[in-house]
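**Student:** fold the following.
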Amino acid sequence: MNMEALGWTPEWEEAFRPYREKGYVPGRAALEHKHMYRVYTEHGDFLAEVSGKMRHTAIGRADYPAIGDWLALSLRQDEGRATIHDVLPRFSKFSRKVAGSVIDEQIVAANVDTVFIVNALNQDFNLRRMERYLTLAWESGANPVIVLSKADLCPDVAAAVAEAEAVAMGVPIHAVSHLHGIEALLPYAGKGRTVALIGSSGVGKSTLINRLYGRDIQLTGDIREGDDRGKHTTTHRELVALPDGGMLIDTPGMRELQLWDAEEGMSASFKDIEELAAQCFYDDCRHDKEPDCAVKQALRDGVLNRSRYDNYVKLQRELAYLARKENKALQAAEKSKWKKRNQAAKQQRERI
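**Tutor:** From the prediction side, this is the model:
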């Protein structure tokens, strides 16, 4: 495969130099399935698994490869297999907290230039969910783009775009359907560029990929009767190489999108609220009963939307709760790491 089309640059080559000196070759994680990975390399694609050493030293899920990662590999070309020895430092990553009560990071996509936040213009249209996706997209280090799909099902596209603009200040917004508007998305996925498509089930991500690719390569679902929503079709994350050289990362619909380490993303997504807060009389104003509160005044005047502010407060509380839980989890992980190291050292001494 053409490494430049996969996103390989002189900067990646420089970062990979120590691995090349060890005889490893670079590859990019394209698909994960049951602890195995499909990786793309200049020698073709291989089925790969992480090395025993890497598995032993990993503390959490973020230490394992994610879709879009660049990897240091040793190849067994006659078998079509490879071993993953390390993950190169990521320049961006779209992360969320794993579903459920476990405190751990799940990297949805790595080394992404642009995140398409896909929201369907039917009954699935949800500004509060869009704010949550925007927060994590800004935190990822990639550039967010709002894609309003299924525009043909919306009676007033202009009004929906205006609503999206009110919560996604400065973010490009494109209203598209399966027939119109797709060409505006092509420049984001040029040669060597990587785009991740994020959104809930049935918003039309697979349809978008098919149109960007130029033919049907992903399964798509019909609109369900009763709630006007699309059927869930994608079941795993996958890196798709476009004919013209760009890369797309398709992701399954997310039933649960919990925040993960998103303080900077909050500042970018809710810049208007934080600018208002800076005008409050008290530096530590909680926007509750304090006098001369600029946020409360904006709410009374209708300058600040109440639902948007309530969502901001909700996400702030979610981050604070996660930080408390994560601190305990990090302490346990650090203890486990040193336990592993001590066991390895003991085994080494016994062998000597």
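
**Student:** spatially, what comes nearest to Lys191 if we skip its sequence neighbours?
**Tutor:** Leaving out its chain neighbours, the residue that sits closest to Lys191 by C-beta to C-beta, 6 or more residues apart in numbering is Gly245, at 3.2 Å. Using the backbone N, CA and C atoms, a C-beta is placed for each residue, glycine as well.

**Student:** spit out the contact partners of that neighbour.
**Tutor:** Going by C-beta atoms under 8 Å, 6 or more residues apart in numbering, Gly245 touches 2, 4-5, 190-192.

**Student:** and for Glu32?
**Tutor:** Glu32 is in contact with 38, 65-67, 236-237, counting by C-beta under 8 Å, 6+ apart.

**Student:** and it, bridged to which residues?
**Tutor:** Tyr37 (DSSP bridges).

**Student:** His296 touches His287, doesn't it?
**Tutor:** Heads up, residue 296 is Lys, not His. Yes: Lys296 is within contact range of His287, at 5.9 Å (criterion: C-beta atoms under 8 Å).

**Student:** ok, back up a step: of the contacts of Glu32, closest to Ala109?
**Tutor:** For the contacts of Glu32, the minimum distance to Ala109 (C-beta to C-beta) is 5.6 Å, reached by Ile67.

**Student:** the closest one contacts Arg237, correct?
**Tutor:** Yes: shown here, Ile67 and Arg237 form a contact pair, counting by C-beta under 8 Å, at 4.4 Å.

**Student:** quick check: neighbours shared by those two?
**Tutor:** Common neighbours of Ile67 and Arg237 (criterion: C-beta under 8 Å, 6+ apart): 31-32, 108-109, 249.

**Student:** name the residues that touch stretch 129-139?
**Tutor:** Against stretch 129-139 from outside (C-beta under 8 Å, 6+ apart): 94-96, 115, 117, 119, 144, 146, 164, 167-168, 171, 198-200, 257, 259-266, 268-270, 308, 311-312, 315.

**Student:** just the buried members of these?
**Tutor:** 94-96, 115, 117, 119, 144, 146, 164, 167-168, 171, 198-200, 257, 259-262, 265-266, 268-270, 308, 311-312, 315 (16 or more other C-beta atoms under 10 Å).

**Student:** give me the subset of the residues you listed that lies in strands.
**Tutor:** Secondary structure defined by DSSP state E assigns 94-96, 115, 117, 119, 144, 146, 198 of those to strands.

**Student:** any chance of those in TSV, plus pLDDT and distance to Trp138?
**Tutor:** Formatted as TSV, these follow (pLDDT from 0 to 100; distance: C-beta to C-beta, whole Å):
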residue	pLDDT	distance to Trp138
Phe94	88	10
Ser95	82	12
Arg96	74	14
Val115	95	9
Ile117	94	11
Asn119	92	16
Pro144	95	6
Ile146	97	12
Ile198	91	12
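
**Student:** Pro155: which of the residues you listed is nearest?
**Tutor:** Checking these against Pro155 with C-beta to C-beta, the nearest one is Asn119 at 16.4 Å.
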